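*Asks:* have a look at this prediction, sequence included:
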Amino acid sequence: MIERLTQWMVAWAATPYGAWALCFIAVAESSAFPIPPDVLLIALGLANPEWAVWLRVVCTAGSVLGGMLGCLIGLFGGRPVLYRLFKQAKVARVEAIYNHFDARATAIAGLTPISFKVFSIAGGVFKICSQVFVLSSIGA
């Protein structure tokens, strides 16, 4: 399934709608989609090297918008799910750590192989969705 999704994404590079698809996939990945937009970003960048900077801006904007959507998902539904999966004491410990490192955790998340959606949804659950979250997301 992942291979088919990856092929589907790369196929967008051959269409005039590649940048739109890149933005949509970046939004979706930051909140739910299993494949990062990097696959399409690389394909589009190789096909159109003169657009590389613009494509990175599109991908970043989509990722930040998706992060904001992830925050909303976490804010309105994440905590009950966490309490079903983990003990309340463990959630409280993670929340304390996350609140201590909020902006730094978000900025570092963009540089790790851990999916950004984990941090965006956590930002909503732990109520750090703010200008700090958005600015940290852009910086990542």
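*Replies:* Done, it's in.
*Asks:* show me which residues of stretch 132-140 are buried.
*Replies:* 133-134, 136-137, 140 (16 or more other Cβ atoms under 10 Å). All C-beta atoms are positioned from the backbone trio N, CA, C, and that covers glycine.
*Asks:* from residue 122, how far off is residue 70?
*Replies:* Distance from residue 70 to residue 122, counting by Cβ to Cβ, to the nearest Å: 9 Å.
*Asks:* equivalent analysis for residue 98, please.
*Replies:* Going from residue 98 to residue 122 by Cβ to Cβ gives 6 Å.
*Asks:* and these two? which has more neighbours close in?
*Replies:* The residue with more neighbours, out of residue 98 and residue 122, is residue 122; 22 against 18, by other Cβ atoms under 10 Å.
*Asks:* so where's this structure uncertain?
*Replies:* 1, 102-103, 109-110, 113-114, 129, 139-140 (pLDDT under 70).
*Asks:* pull the longest helix from it.
*Replies:* Longest helix in the chain, counting residues (DSSP state H): helix 52-73.
*Asks:* just checking, next helix/strand downstream of that one?
*Replies:* helix 79-85 (DSSP states H and E).
*Asks:* give me the residue at the spatial middle of the protein.
*Replies:* For the chain, residue 30 is the residue whose C-alpha lies nearest the centre (Cα atoms, centre = their mean; 2.3 Å).
*Asks:* and that residue, its phi and psi?
*Replies:* With angles defined as degrees, to the nearest 10, residue 30 sits at phi -70, psi -10.
*Asks:* nearest residue to it in space, please, no chain neighbours.
*Replies:* What sits nearest to residue 30 in space, not counting adjacent residues and going by Cβ to Cβ, 6 or more residues apart in numbering, is residue 66, at 2.7 Å.
*Asks:* burial measure for residue 127, as a count.
*Replies:* The burial count for residue 127: 15, using other Cβ under 10 Å.
*Asks:* repeat that for the one 3 residues further on.
*Replies:* Under the neighbour criterion other Cβ under 10 Å, residue 130 is assigned a count of 13.
*Asks:* quick revisit: okay, and which of the buried residues of stretch 132-140 map to helices?
*Replies:* Among the buried residues of stretch 132-140, the members falling in helices (DSSP H) are 133-134, 136-137.
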